[in-house]
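> no FASTA, just this:
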């Protein structure tokens, strides 16, 4: 009986591509290099992917689908609900629950040199900002103010990761109320 070598599923190729993207940048995401990392031949790759571009498209789809900055927020009925939703979002980001900032930064770096990645980042940023804008509108912010507060919140968070701020989750949690007070504005936070 012949020794059967287990096949490498597409999800393994994609997760290896993700890890390589994070560690080496887009220039490291090459079929040969991925096969070497997996300890397999290139042939198995072509059973699942038409070519490298197909893999890169699926890697971007994976980023869009799985690297969720904020869960969808249902319509909020009060400022108290909005405050709870924003606190839940902040807690989730501190815990990096469902959001991998290293993956996010790696895709953003890739987007500087690739239109397909740039379009994906633009789509994702737009969805994330729309969600945050709705959240700040629930605090009673006028449309322009909600838009600016959403951007300040989002750019602050993305910048935090991009700069590489080194803080423990405990320290971030300790500072969270101050950040939220500044980002929401006491006039919205304190009023009911």
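It's in. What you are looking at is a predicted structure, and each value in this text was computed from that prediction instead of being measured.
> list the buried ones in the host helix or strand of residue 137?
Take DSSP states H and E as the rule and residue 137 turns out to sit in helix 115-138. By 16 or more other Cβ atoms under 10 Å, the buried positions in helix 115-138 come out as 117, 120-121, 124-125, 128-129, 131-138. Glycine gets a C-beta too; all of them are placed from N, C-alpha and C.
> tell me the helices and strands packed up against it.
With contacts taken as 3 or more Cβ pairs under 8 Å, 6 or more residues apart in numbering; DSSP states H and E, helix 115-138 sits against helix 52-66, helix 79-95, helix 101-111, helix 143-163.
> out of those, deepest packed?
Mean neighbours per residue, mean count of other Cβ atoms under 10 Å, is largest over the helices and strands packed on helix 115-138 for helix 101-111, with a mean of 19.
> helix or strand for residue 35, just tell me which one.
For residue 35, the host element (DSSP H and E) is helix 31-38.
> re the thing from before, check the offset of the helix holding residue 137 from the chain's centre.
Taking Cα atoms, centre = their mean, to the nearest Å, one finds the center of helix 115-138 at 11 Å from the center of the full chain.
> stretch 109-122 too?
Distance, stretch centre to chain centre, for stretch 109-122: 14 Å (Cα atoms, centre = their mean).
> show me the chain divided up by domain.
10-64, 68-189 (automatic domain parsing).
> could you dump the ones you listed into a markdown table and include mean pLDDT?
Below are the domains of the chain laid out as a markdown table (pLDDT from 0 to 100):
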| stretch | mean pLDDT |
| --- | --- |
| domain 10-64 | 95 |
| domain 68-189 | 91 |
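> ok, residues contacting stretch 117-124?
Residues from elsewhere that reach stretch 117-124, judged by Cβ atoms under 8 Å, 6 or more residues apart in numbering: 26, 56, 60, 63-64, 69, 107-108, 110-112.
> what do you get if the cut-off is 10 Å, keeping everything else the same?
For stretch 117-124, the external contacting residues (Cβ atoms under 10 Å, 6 or more residues apart in numbering) are 21, 26, 56-57, 59-61, 63-64, 67-69, 104, 106-112, 114.
> again with stretch 35-51
Residues from elsewhere that reach stretch 35-51 (Cβ under 10 Å, 6+ apart): 5-17, 19-20, 23, 28, 30-32, 34, 52, 54-58.
> got a list of what the residue nearest to the spatial centre of the chain touches?
The residue lying closest to the centre of the chain (Cα atoms, centre = their mean) is residue 67, at 4.0 Å. The contact partners of residue 67, by Cβ under 10 Å, 6+ apart, come to 18, 98-104, 107, 124.
> go with 8 Å
Contacts of residue 67 by Cβ under 8 Å, 6+ apart are 98-100, 103-104, 107.
> ok, residue 47 to residue 32 distance?
Look at residue 47 and residue 32: by Cβ to Cβ, to the nearest Å, they are 16 Å apart.
> sorry, that was for residue 69
33 Å.
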